[in-house]
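Colleague: Show me the folded form of this:
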Amino acid sequence: MIWRVRRVLTGHDAEGRSTLVADGLAPNVKEMKPTFPGLALTDLWETKGAPASNAGDADAADRPIHLEPPKNGTIVRIVEFPRFSLSGGFAESFPNTVPFNEGIGFTAKVDDRDPQDIDYPYFVTAHEVAHQWWGHQEVPANVQGAEFVSESLAEYSALMVLKQKYGDAKMRRFLKYELDRYLLGRGTEEKQELPLIRADGSAYVAYQKGSLNLYALQDAIGEAAIDDALAAFVTRWRFAGPPYARSVDLIAELRRVTPATLQPLIADLFETITLYEVRAASAAARRQPDGSEAIELVVSARKLRADGAGNESEAPFDGEVDIGALDASGNVVAIEKRRVHSGDNRFTLDAKAGAARAGIDPLGKLIDRDPSDNTVAVTR
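Modeller: As a prediction, this is how the structure comes out:
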């Protein structure tokens, strides 16, 4: 049997507010019988020109499936193939088309009520659709760093889709998923780890570290600034070459939009192997006259630089980091950027009543090998 793809369509009302237009199974499915039973095509959307028109409420994809897009238009198509395929469980991206093994998507059981569960079919789909830009429109040169220009940007794009869906405060489980896979990968590295600027064949660097560090940069300088850099990058290198885009070209665009005071972040995130050790030592709350609480925090921070073999040396830590408090369910009660230095740091955080834990980097945006000690229980 074939499995169906859920499609969610959004729009805007007359006041410009987001609205839900449709949420259900995509209507346009074609199983390739009798030649390829179990292989199914699902068209999610179609456009007939560029820029695309969003006028009206007709479903452009609700029509007989044909392989080629309209002239000057586009199709986004999911192709399901059986889980017993010799190709294994994976998804990848071709122009207009995302082949998707049913074993990693269509038969997945995702529990949205479980705060630890990851909607990985949603995430994988976002990653592969992002390749319509990263790797298809701009094609990296076949040199070290190519995977930073393609896979890191696709993985970061998928994280940002999740951020738009769930909000920054709910991103901890997704960031932890990426962090755990990065740490596992570097812990089992048999040759040497490379910095992102030279990413070359190690998925834990290009996918996990790449997405985490790009997410950390947008958190520091703003999503709009990153969008500016990526728009300029894809415009410059769209369907260009040779010469083709390199990691140094992408980093140059990121440097351009990064304020002078935050330029050291570029080296930390992309040009070196940098790890952080941050932890919370204590968090004591006192009630204020308006019913809120002032939480007195003591936290510590270290920054480490590693070479490819894992040898580490300490570097001075001087940067802005989230200082925040969470309730018993892990929801953010208060969070602020504060300047943090190497060693012990003391802060007072104003928070509404109900904080259960507080500390440094509570959402896990830094590459920290033990994020479990980032927060401690709030005492009263």
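
Colleague: need the contact list for the most centrally placed residue in the chain.
Modeller: Closest to where the C-alpha atoms of the chain average out (C-alpha atoms, centre = their mean) is residue 159, at 2.0 Å. Residue 159 makes contact with 171, 174, 175, 178, 211, 214, 215 under the criterion C-beta atoms under 8 Å, 6 or more residues apart in numbering. Any C-beta I mention is one placed from the backbone N, CA and C, and that applies to glycine too.

Colleague: Find me whatever residue is spatially closest to the last one, sequence neighbours aside.
Modeller: In this structure, residue 215 finds its nearest non-sequential neighbour in residue 159, 5.3 Å apart by C-beta to C-beta, 6 or more residues apart in numbering.

Colleague: Look up how far residue 82 lies from that neighbour.
Modeller: 29 Å (C-beta to C-beta, to the nearest Å).

Colleague: related to what we said a few turns ago, sec struct for the residue nearest to the centre of the chain, please.
Modeller: Classification of residue 159 using DSSP: H, G, I helix; E, B strand; the rest coil returns helix.

Colleague: sorry, back to before: tell me which of the contacts of residue 159 is nearest to residue 350?
Modeller: The nearest member of these to residue 350, counting by C-beta to C-beta, is residue 171 at 22.9 Å.

Colleague: so where's the stretch 1-150 of the chain shaky on pLDDT?
Modeller: 1, 50, 84-89, 106, 115-116 (pLDDT under 70).

Colleague: Show me where it has its strands.
Modeller: 6-12, 18-25, 29-31, 40-47, 74-81, 97-101 (DSSP state E, counting those that start in this stretch).

Colleague: Quick one, which of the ones you listed gets closest to residue 283.
Modeller: Closest among the strands of the stretch 1-150 of the chain, using C-beta to C-beta: strand 18-25, at 36.8 Å.

Colleague: How about the closest one, which residues are buried there?
Modeller: By neighbour count on 16 or more other C-beta atoms under 10 Å, the buried set for strand 18-25 is empty.

Colleague: which neighbours does that strand have in its sheet, and in what orientation?
Modeller: Each strand paired with strand 18-25, and its direction, by DSSP bridges: strand 6-12 (antiparallel).

Colleague: rewinding a little: gap between the residue nearest to the centre of the chain and residue 316?
Modeller: Residue 159 is 29 Å from residue 316, by C-beta to C-beta.

Colleague: Then residue 223?
Modeller: Residue 223 is 28 Å from residue 316, by C-beta to C-beta.

Colleague: Cross the contacts of residue 159 against helices and list the overlap.
Modeller: 174, 175, 178, 211, 214, 215 (DSSP state H).

Colleague: Over to the residue located most distally from the centre of the chain. Which of the three states is it?
Modeller: Distance from the C-alpha centroid of the chain peaks at residue 289, with 40.5 Å (C-alpha atoms, centre = their mean). At residue 289, secondary structure determined by three-state DSSP is coil.

Colleague: give me the element residue 295 is part of.
Modeller: strand 293-306 (DSSP states H and E).

Colleague: gap between that strand and the chain center?
Modeller: Computed by C-alpha atoms, centre = their mean, to the nearest Å, the separation of strand 293-306 from the middle of its chain amounts to 25 Å.

Colleague: before we move on, what about stretch 304-324?
Modeller: With C-alpha atoms, centre = their mean, you get 22 Å for stretch 304-324.

Colleague: and that stretch, what's its mean pLDDT?
Modeller: Averaged across stretch 304-324, the pLDDT comes to 95.

Colleague: Do a quick rundown of the helices in the stretch 1-150 of the chain.
Modeller: For the stretch 1-150 of the chain, the helices defined by DSSP state H, counting those that start in this stretch occupy 120-130, 146-147.

Colleague: No further questions, thank you.
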